[in-house]
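Chemist: here is a sequence with its predicted model. Questions after.
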2 protein chains.
Amino acid sequence: MENTRYQWFEEELRKIALLGSTAGLLAWDQETCMPRDATEIRAQQSGILSGMIHEMKTAKALQDCVEELLGDQTLDVYQSVNVKEFNRSLQKSLKLSKAFVEELTMVVSSAYPAWHEAKLKGQFEIFAPHLEKIVALKREEAKLSGYIHHPYDALMDDFEPGLTVIEMDSLFDQLQKDFIPYVKNIMNKPQPDDQCFRQRFDVNLQKQLGHEILTSMGYRFSSGRMDLSEHPFCIGIHPTDVRVTYRLNPNDLSEMIWGLIHEGGHALYEQGLNSQYWGTPMGSTVSLAIHESQSRFWENNIARSEAFWKFWYPKLQASFPNELGEVAFKTFYHGMNRVSPSLIRIQADELTYHLHILIRYQIEKAIIEGSLSVNEIPEKWDSLYKTHLGVDVPNNAMGVLQDVHWSHGGFGYFPTYSMGSFYAAQFYQTLTKSFPVDEWIEQGNLAPIKQWLNENIHSRGMMLQADALCKKITGESLNFAYFMQYIHNKFDKIFA
Amino acid sequence: MENTRYQWFEEELRKIALLGSTAGLLAWDQETCMPRDATEIRAQQSGILSGMIHEMKTAKALQDCVEELLGDQTLDVYQSVNVKEFNRSLQKSLKLSKAFVEELTMVVSSAYPAWHEAKLKGQFEIFAPHLEKIVALKREEAKLSGYIHHPYDALMDDFEPGLTVIEMDSLFDQLQKDFIPYVKNIMNKPQPDDQCFRQRFDVNLQKQLGHEILTSMGYRFSSGRMDLSEHPFCIGIHPTDVRVTYRLNPNDLSEMIWGLIHEGGHALYEQGLNSQYWGTPMGSTVSLAIHESQSRFWENNIARSEAFWKFWYPKLQASFPNELGEVAFKTFYHGMNRVSPSLIRIQADELTYHLHILIRYQIEKAIIEGSLSVNEIPEKWDSLYKTHLGVDVPNNAMGVLQDVHWSHGGFGYFPTYSMGSFYAAQFYQTLTKSFPVDEWIEQGNLAPIKQWLNENIHSRGMMLQADALCKKITGESLNFAYFMQYIHNKFDKIFA
């Protein structure tokens, strides 16, 4: 017998997802196609959809239905996951009043242009009053949402369900204890030359190469496309419509390569979701850290490895014989793994990247718990960059104003970037234990890797939360040791 | 004192327009960007938006508000137009039950693939059963909508408010009496050679040229963009976001030129609407015939004129010195105005085009009044092509199956194409009476023409219906004589 109550619940979720995915398309279009005069009308179009989605999600009828289904013993395991996970998200939404959400939306919408102007002029004061309001609201949000140990927990939970300061502190303690001394040691060694990436590279050939690499990763162009945008991103509208964007820098080949592969990793996750469950938690991604684990996995573990370039470098040389024909493999491979402290997160190498994240984590935690005020942030920022990376921040544009996240109210997002790398390393270790992964990669055979990720992660949807998923795949919870092991295996050799 | 009731009405209309314009973007994306696997999910996304728009438009609260406002003596003239015009459209919507609309939607959604297959295979039988259902529903729709003289009136009214068979018959009677003998006479004359268009033309140079021509017409690229698509179209999302598409045929320069200028004419109308009234009738286009008058005006009256090419041909020759350097101006200008009977409407020349429309009009009228059955259409089609154009239809793919319109249920659409040309000629006559239009055009100065259209047509929205607008601009109702006069002025010289 059909459970008509459950069917109705699922239909409502799919309607919400249809509007949500339409909003996704509006966002994609805005970054890739939209004429510049259309900013105002686009904001209104997105606004009305958000409002409708919120209304549908929090409608009394749906709330009642969910409550009823939570006690329904006849649901199968998939159905139970959908009800439970939707309810978790619903309960969070219900804790914030409509007035609160509207105020936050309003504050944020005027904060973005202020941040943009502040960054252009390098003047933190322009952004500060907006950030003050945002911080006040985010602290209020943490209170409204509720938390056990730390208010920042409530905010991280939006991006990484269940993540707490206790867990994150423990991870970053290990980072500080084991990883930072290792990285500092490497930073002091003579660095490989990476000039070979900084030549003139024909953009059409770059694009063609990017297309080939994505195809080889198993990205389906019949269910996606690649376009240029200022900041690369991936958007999953539906498993049959997952779009990536990238940058073409005629003077730096590396932006295209690792930017596109990173987004390709995200895209494989979105294309690999189970269409049958689309619109419900069982057809959704687990969390931001797991999402990021997929992009980092492909960007770093696979595509900055020696094995990967054994296959691809000869092709690259054939595409760019004048630029790379005479560049030795070792020069190329070591060049892409140069480790040096820098000011800008998104330009950081695979190792120092995590120091940028650590700094943001420490600052966000302090802001949200109230131990750091907004006007103290720039000084704190600069001093942490000196401590962890040994660099002097010349101005706020290259310092505290470099990231857009805070202007969107995105407190609690950054830590998931580092967690993604830690998960990636652990998944990679499990995969390599059972399979001849390096051999596959050297032969350009990426299909079995994609298939393994499809089966173990992508197709499972939200069946398991991040920690449970990690246990299921690797036999244990997230363990920082695997990241250290991966780093040693790779960088000990390069910096021998 | 603010009229809060009217304000609410206008806000509702704007919300509907926000969803409608979002649906427009989905449609644009589908034709230009969408990955091919996403057809199914896109249909669902568009479907849910259509449903919501219909619900919002026909909501009881809005109906009540409109009824109240219809009797409100305090409204200004703009507000009255908005209430009156919205009500007209609302009353039409209300005549069709939800069940009827859903059935039509369902029938149409399976008819399109059937038509597509039928056209590919040239087999009318594949499409016939679907067309049977569509015709039955459209006849039913005419009955439900109501009409005074002829059921086809009710269908034409959807595209051209107020248009009747009486009026259309009268126009086509004049076409048959004056125009057809003229065209037949020309068709029998020796035709200019148009081989110069059928050479290899670099597509990037074509694109650049198209961009220049659109810019010169006054199309704002900051509020629009041009993309490739299988069938050229223009979509107005908002005056700040009006997009055109076009074709690049490396072996035929004419497809790009007149296709793009045609869509550019539509686009100038959409960009020229008054943003202040966006979402309401005062910020909307009058009718399909008036829309088409704008595209035909630019495509034919302007861009197939001698004056236009006096300015642009030297530029064209500079872009394509090998292909056109040695081609005399007269050869080029006469070549683009060749008149010869053909089988395919969208490839027809400026004159015989209207015979294609006449045939469709005669068939649609007969189908809807019930004097022609679906299985008799192909024979009727072929015999009318023999009568009017003197051509033998070799197969149904090149005959009755060539147009997509019927598969969408679009009965009553075709006549507006011819009316557009008639209106264009009358507007053109009025414009040239008062201004040195040829001089402007020869100097490449199209700005005052665009400005005249902006002021007299675009910015007025639906203030006046088509006939009243025509009277206001030209001093009289649509008069076929101006079209004949324009044709004589131009073609008498070419075929002297």
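Modeler: Arrived safely.

Chemist: what residues are up against residue A:121?
Modeler: residue A:397 (C-beta atoms under 8 Å, 6 or more residues apart in numbering or on different chains). Any C-beta I mention is one placed from the backbone N, CA and C, and that applies to glycine too.

Chemist: please tell me how far residue A:4 sits from chain B.
Modeler: 21 Å (C-beta to the nearest C-beta, to the nearest Å).

Chemist: that residue: neighbouring residues, count only.
Modeler: 8 (other C-beta atoms under 10 Å in any protein chain shown).

Chemist: kindly report the same for the one 3 residues further on.
Modeler: As a burial measure, residue A:7 scores 11 neighbours (other C-beta under 10 Å).

Chemist: and the host helix or strand of it, what other elements does it pack with?
Modeler: Assessed by DSSP states H and E, residue A:7 sits inside helix A:4-32. Contacts defined by 3 or more C-beta pairs under 8 Å, 6 or more residues apart in numbering or on different chains; DSSP states H and E place helix A:4-32 against helix A:39-57, helix A:60-70, helix A:77-95, strand A:234-238, strand A:241-246, helix B:4-32, helix B:39-57.

Chemist: to residue A:411, which of these lies closest?
Modeler: Closest approach to residue A:411 among those (C-beta to C-beta): helix A:77-95, 15.1 Å.

Chemist: after the closest one, which helix or strand is next?
Modeler: helix A:98-121.

Chemist: residues from chain A in reach of chain B?
Modeler: Proximity of chain A to chain B (C-beta under 8 Å from any C-beta of the partner chain) is limited to residues A:15, A:18-19, A:21-22, A:25-26, A:29, A:33-38, A:40-42, A:44-45, A:48-49, A:52, A:220-225, A:237-238, A:240-241, A:243, A:278.

Chemist: how about low-confidence regions in chain A?
Modeler: A:1 (pLDDT under 70).

Chemist: helix or strand for the one residue sitting closest to the centre of it, which one?
Modeler: The geometric centre of chain A, computed from its C-alpha atoms, lies nearest to residue A:292 (C-alpha atoms, centre = their mean), at 4.2 Å. Here residue A:292 sits within helix A:288-296, counting by DSSP H and E.

Chemist: same check on residue A:377?
Modeler: Counting by DSSP H and E, residue A:377 is found in helix A:377-389.

Chemist: contacting residues around residue A:222?
Modeler: B:35-37.

Chemist: pull out the buried members of those.
Modeler: By the neighbour-count criterion of 16 or more other C-beta atoms under 10 Å in any protein chain shown, the contacts of residue A:222 include these buried positions: B:35, B:37.

Chemist: tell me which of the contacts of residue A:222 fall in strands.
Modeler: Among the contacts of residue A:222, DSSP state E puts none in strands.

Chemist: re earlier: any idea which helix or strand comes after the helix holding residue A:292?
Modeler: Criterion used, DSSP H and E; the element after helix A:288-296 is helix A:306-319.

Chemist: could I get the buried residue list for that following helix?
Modeler: In helix A:306-319, counting by 16+ other C-beta under 10 Å, buried: A:306-313, A:316-317, A:319.

Chemist: packing partners of that helix?
Modeler: helix A:203-217, helix A:321-324, helix A:329-335, helix A:437-442.

Chemist: now render these as a markdown table, adding mean neighbour count and distance to residue B:6.
Modeler: Output for the helices and strands packed on helix A:306-319, formatted as a markdown table (neighbours: other C-beta atoms under 10 Å in any protein chain shown; distance: least, C-beta to C-beta, whole Å):
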| stretch | mean neighbour count | distance to residue B:6 |
| --- | --- | --- |
| helix A:203-217 | 17 | 53 |
| helix A:321-324 | 14 | 66 |
| helix A:329-335 | 16 | 67 |
| helix A:437-442 | 17 | 67 |
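
Chemist: can you add distance to residue B:367 and give these back as a markdown table?
Modeler: As requested, the helices and strands packed on helix A:306-319 are exported to a markdown table (distance: least, C-beta to C-beta, whole Å):
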| stretch | distance to residue B:367 |
| --- | --- |
| helix A:203-217 | 48 |
| helix A:321-324 | 65 |
| helix A:329-335 | 69 |
| helix A:437-442 | 62 |
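
Chemist: residue B:206 is nearest to which of those?
Modeler: helix A:203-217 (18.4 Å).

Chemist: elements contacting the closest one?
Modeler: Against helix A:203-217 (3+ C-beta pairs under 8 Å, 6+ apart) you get strand A:224-228, helix A:253-271, helix A:306-319.

Chemist: what does stretch A:353-362 contact?
Modeler: Under C-beta under 8 Å, 6+ apart, the answer for stretch A:353-362 is A:168, A:172, A:175-176, A:179-180, A:183, A:341, A:345, A:348, A:381, A:384-385, A:388-389, A:403, A:414-415, A:417-418, A:421.
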